[in-house]
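Engineer: need a structure here:
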Amino acid sequence: MTSRRLLQTTFRRASAAWAITLALTFAILTARFVSAQTATAIHSFSGPDGDYPAAGLVIDKAGNLYGTTFAGGSGPCMNLLGQAGCGTVFKLARKGSGWILTVLYSFTGGNDGALPQNGIITLAADGTLYGTTSAGGGGSCSLYGVSGCGTVFSLRPPPSRPASAFTPWIEKILYSFTGGSDGYSPTGGPVLDQAGNLYGAAGSYPQYGNIYELTPSGGGSWTHSIVHAFSGPDGWSPIGNLAIDKNGNLYGTTLYSDDGSGGGVVFQLAPSGSGWTETVLHDFTSQFGSDGGRPQAGVIIDSSGNVFGVTSNAGKYGGGTVFELSPSGNSWTFSIIDYIGAPGDCGPYDNLLMDQVGNMYGTTLCGGGYQRGDIFKLKPLQGGGWESGELYAFRGAPDDGGYPLSNVVMDANGNLYGTGSVGGAHGLGDIFELKPD
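Structural biologist: Coordinates of the predicted model:
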């Protein structure tokens, strides 16, 4: 089983310095609850429709689910992991008491891109989908034997009524990475601001990775620019999805930091005149520290501007932490909400979900009683602190899958949906549903 981190390209270490002083709080007030919910596979990937869903889902107002698979589809790729196909973008819609999956696009591995590794699809208000591929496009890069440095793309339904529901959507390449100063293999899906600009993260060599912006420039074209290039102490290898607040500030994480700790950082990028100013909100003490280490996921922001995230390992039990960063004047206060009990780099690999009443949900890669991942919930308590517990432990069986690298999304009825990277009826991954108690 291949984890998301093993699919990341590596970054050579460079030098520079940047730091900020923070108030650190490691108090944790968390009660536990027990749940007996059951997750059910509502679609099992079979190859032509996709293979290895390594990214999360998005959901529209009608309850339709959208996502990507790293491999599979009708494209001619054969990656070094032994997976056929260049990847797909799919839609899963409810029909009666069941579900129907439609492949909206199957990548060919050419200029259109290949291997949508962990770029979660972004759904715009007009129904346009935005995403990234780790390979394909142009340049001389190669990820797992598939050429190209990666792309940012959009997908739209055909302009006229399609011949059938299975008619492919129309893909447009917004940007193809060259592997030069612009970087390569975008890691994490693009986030859309109110003005229609897209922001995302990419690798760069021999630097530490960068945050880019794509701006619509008329005539259907887009202009690429670098918002921030990491230097090492301020972060190294940004791989999670970015978040944007109401003021246009960007937030994210890096997997590593080149400042002696190596545990990664949480950062903010604020518009400042014609440029951007970076602030390191938290520098994890080490990849094995009590505050957690190596965050694979991005962060989310609540209505009060508090930032919540997860780390994939370290912490009290070795399986990572759930943390909060609260603004306090010109500084930020870091606190741990919960410790994840899944030792061995098996904690959460994707963003948390927060519902309308402040409950948070997430997954672990290989936690739970069967060590094939689980779904957990954190509930804020009126007197302060949090109540946490496991909603479901995956068994790796054909009817529930396992090893979720994805987030979860919620529909209007409180049902949770996500992807298992392996398992399902064909062993190629699945989409699951978890109904509330």
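Engineer: tell me which helix or strand of the chain sits lowest on mean pLDDT?
Structural biologist: Every helix and strand of the chain was ranked by mean pLDDT, DSSP states H and E. The lowest is strand 23-24, at a mean of 42.
Engineer: ok, residue 93 to residue 369 distance?
Structural biologist: Going from residue 93 to residue 369 by Cβ to Cβ, to the nearest Å gives 33 Å. Bear in mind the C-beta positions are built from the backbone N, C-alpha and C, glycine included.
Engineer: how far does stretch 72-87 stretch from start to finish?
Structural biologist: 5 Å (Cα to Cα, to the nearest Å).
Engineer: still on that earlier bit, which of residue 93 and residue 369 has more residues huddled nearby?
Structural biologist: Counted by other Cβ atoms under 10 Å, residue 93 and residue 369 do not tie: residue 93 has more neighbours, with 15 against 10.
Engineer: For the residue nearest to the more buried one when sequence neighbours are not counted, what are phi and psi?
Structural biologist: Nearest non-adjacent residue to residue 93, counting by Cβ to Cβ, 6 or more residues apart in numbering: residue 64, 4.8 Å away. Dihedral pair for residue 64: phi -80, psi 140, per degrees, to the nearest 10.
Engineer: Now for residue 108: which residues touch it?
Structural biologist: By Cβ atoms under 8 Å, 6 or more residues apart in numbering, residue 108 lies in contact with 75-76, 86, 114, 136.
Engineer: which of these are buried?
Structural biologist: 75, 86, 114, 136 (16 or more other Cβ atoms under 10 Å).
Engineer: From the residues you listed, which land in helices?
Structural biologist: Taking DSSP state H, every one of the buried ones among the contacts of residue 108 sits outside helices.
Engineer: and which of those is nearest residue 287?
Structural biologist: Checking the buried ones among the contacts of residue 108 against residue 287 by Cβ to Cβ gives residue 114 as the nearest, at 30.8 Å.
Engineer: so how far is residue 359 from that closest one?
Structural biologist: Taken as Cβ to Cβ, the span from residue 114 to residue 359 is 37 Å.
Engineer: about what we covered before: tell me which two in the contacts of residue 108 are the farthest apart.
Structural biologist: The widest separation within the contacts of residue 108, taken as Cβ to Cβ, falls between 76 and 136 and amounts to 11.5 Å.
Engineer: joint contacts of these two?
Structural biologist: 86, 108-109.
Engineer: export those residues to TSV and tack on pLDDT and distance to residue 410?
Structural biologist: Formatted as TSV, the shared contacts of residue 76 and residue 136 follow (pLDDT from 0 to 100; distance: Cβ to Cβ, whole Å):
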residue	pLDDT	distance to residue 410
86	97	31
108	97	34
109	97	34
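Engineer: out of those residues, which one sits closest to residue 316?
Structural biologist: Of all these, residue 316 sits closest to residue 86, with 41.4 Å by Cβ to Cβ.
Engineer: Correct me if wrong: the closest one contacts residue 106.
Structural biologist: Yes. Residue 86 lies in contact with residue 106 (Cβ atoms under 8 Å); the separation is 7.3 Å.
Engineer: what's the overlap in contacts for these two?
Structural biologist: Overlap of the contact sets of residue 86 and residue 106 (by Cβ under 8 Å, 6+ apart) consists of 73, 75.
Engineer: hmm, back to that, among the shared contacts of residue 76 and residue 136, which one sits closest to residue 285?
Structural biologist: For those, the closest approach to residue 285 (Cβ to Cβ) belongs to residue 86, at 40.3 Å.
Engineer: pLDDT score for the closest residue to the closest one other than its chain neighbours?
Structural biologist: Distances taken as Cβ to Cβ, 6+ apart put residue 75 closest to residue 86, at 3.1 Å, once the chain neighbours are dropped. Listed pLDDT for residue 75 reads 97.
Engineer: Quick one: residues contacting residue 417.
Structural biologist: Residue 417 is in contact with 42, 57, 59, 65, 408-411, 431-434, counting by Cβ under 8 Å, 6+ apart.
Engineer: can I have the helix or strand that it is a member of written out in CSV, keeping just the CAs?
Structural biologist: According to DSSP states H and E, residue 417 maps onto strand 416-420. Extracted in CSV, the C-alpha atoms of strand 416-420 (Å, rounded to 0.1, in the frame of the first residue of the first chain):
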residue,chain,number,x,y,z
LEU,A,416,-20.4,11.6,5.5
TYR,A,417,-18.6,10.6,2.2
GLY,A,418,-15.0,9.9,1.4
THR,A,419,-12.7,7.5,-0.5
GLY,A,420,-10.7,4.5,0.5
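Engineer: gap between stretch 271-280 and the chain center?
Structural biologist: Centroid separation for stretch 271-280 versus its chain: 24 Å, with Cα atoms, centre = their mean, to the nearest Å.
Engineer: actually stretch 100-112, sorry about that
Structural biologist: Distance of stretch 100-112 from the chain centroid (Cα atoms, centre = their mean) equals 20 Å.
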